[in-house]
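Asker: Turn this into a model:
(one chain, ligands or ions: 1)
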Amino acid sequence: MSLSQVKHIILVLSGKGGVGKSSVTTQLALSLSQAGYSVGVLDVDLTGPSIPRMFAVEDAKVKQGSGGWLPVVVHEANPSTGIGSLRVMSLGFLLPRRGDAVIWRGPKKTAMVRQFMSDVLWDELDFLLVDTPPGTSDEHISLAETLLQEARPGQLSGAIVVTTPQAVATADVRKELNFCKKTGIRVLGVVENMSGFVCPNCSECTNIFSSGGGEIMANDFNVRFLGRVPIDPQFLVLIETGKRPRYPEGTKVNSQDLSFQHLEQ
Ligand code: ADP
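Answerer: Residues are numbered from 1 along each chain as shown. The predicted structure follows:
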């Protein structure tokens, strides 16, 4: 099957939509490829596939090869700069019109997720990041089952759970962590996104919402806290103007231990 050439699979999960799951997936993919790894991103967020927009490849067309879909190339590996290849596959590429909603019943969604897991022709990949739909819905359960059944022992490295600092978001994310526990998926850690706002003039970071919810939750569940990422208004501007978004100045994603760090904090 198409996952046979993939070394590590990492799921990116969140308890609810809009907390920055796709943004974290994008930054992690870009950082891993900058570090020289070959990376694939599989967008199975059927509720709102935003990966094509995040990688500025919204108009790309997916080609059908013999035996499956060929993922869209964001960039090839470049041995002279040490950058690894980056490929993406998303349901968004298959929708007839940009922004079309996917209004499917559970079984059709489940079948699509299965097809996505088995029919994308990835080359050799160091990492496959899977951007999942928010919540603990049919798609999640089907995805978890497919992965647990089809992945080689040790191939599914685990899940990164994304949250915002507010209590409501973290309550949903607690459900997500319980879901991982039940399905036996190892949690690699928690990222707290939109954690404070960095003033573009003085660079001071202000906690608009409550802060620290992600870290408390990580401690409660005895999993690693991977770090905080502040809100950056520029981030949205870059996406809206068709450029690849970059996290706030000073935010570093460490590809060795997958941690996120903002230098102001
Ligand atoms: P999800 O995948 O959880 O639904 P997205 O990654 O699509 O969330 O993010 C939701 C919106 O918030 C997007 O418009 C994205 O550009 C914006 N966003 C996410 N993280 C940040 C951030 N740190 N700073 C500014 N905007 C952000």
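
Asker: When you work out contacts or count neighbours from here on, use the C-alpha atoms and nothing else.
Answerer: Will do.

Asker: Figure out how far the helix or strand containing Val24 is from the centre of its chain.
Answerer: Take DSSP states H and E as the rule and Val24 turns out to sit in helix 21-34. With Cα atoms, centre = their mean, to the nearest Å as the basis, the distance from the averaged C-alpha position of helix 21-34 to the chain average is 7 Å.

Asker: which non-adjacent residue is nearest Glu139?
Answerer: Residue nearest to Glu139 in three dimensions, not counting chain neighbours: Thr110, with 5.6 Å by Cα to Cα, 6 or more residues apart in numbering.

Asker: What are the neighbouring residues in contact with the one you found?
Answerer: Thr110 makes contacts with Asp138, Glu139, Ser142, Leu143, as judged by Cα atoms under 8 Å, 6 or more residues apart in numbering.

Asker: need the next SSE after the helix holding Val24, C-terminal direction.
Answerer: Scanning forward in sequence from helix 21-34 by DSSP H and E, the next helix or strand is strand 39-43.

Asker: do that following strand and the ligand meet?
Answerer: No - contact between strand 39-43 and the ligand is absent, the nearest approach being 9.9 Å (criterion: Cα under 6 Å from any ligand atom).

Asker: quick revisit: okay, the residue nearest to Glu139: pLDDT?
Answerer: At Thr110, the pLDDT value in this model is 77.

Asker: Same check on the one 3 residues further on?
Answerer: The predicted structure scores Val113 at 81 on the pLDDT scale.

Asker: I'd guess it is in a strand, am I close?
Answerer: No - the assignment for Val113 by DSSP: H, G, I helix; E, B strand; the rest coil gives helix, which leaves it out of any strand.

Asker: Now the residue nearest to Glu139: which helix or strand?
Answerer: Here Thr110, judged by DSSP H and E, is contained in helix 106-118.

Asker: what's the helix or strand that that helix is followed by in contact with?
Answerer: Proceeding C-terminally, helix 106-118 gives way to strand 125-131 as the next helix or strand, assigned by DSSP H and E. Residues from elsewhere that reach strand 125-131 (Cα under 8 Å, 6+ apart): 5-13, 21-22, 25, 29, 37-45.

Asker: Quick one, which of the residues you listed are buried?
Answerer: In those, burial by neighbour count holds for 6-13, 21-22, 25, 29, 37-45, counting by 16 or more other Cα atoms under 10 Å.

Asker: For ChimeraX, write the select line for the buried members of the contacts of Thr110.
Answerer: Selecting only the buried entries of those in ChimeraX, with 16+ other Cα under 10 Å as the criterion:
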select :139,142,143
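
Asker: In helices, which of the contacts of Thr110 fall?
Answerer: Counting by DSSP state H, the members of the contacts of Thr110 that fall within helices are Asp138, Glu139, Ser142, Leu143.

Asker: What are the boundaries of the helices in the protein?
Answerer: With DSSP H as the criterion, the chain has helices spanning 21-34, 51-54, 106-118, 138-150, 167-183, 213-220, 233-240.

Asker: need the contact list for whichever residue of the stretch 101-250 of the chain sits closest to the ligand.
Answerer: Sorted by distance to the ligand under Cα to the nearest ligand atom, the residues of the stretch 101-250 of the chain start with Ile231, at 3.4 Å. Applying Cα under 8 Å, 6+ apart, one finds that Ile231 lies in contact with Asn193, Met194, Ser195, Gly196, Phe197, Val198, Pro248.
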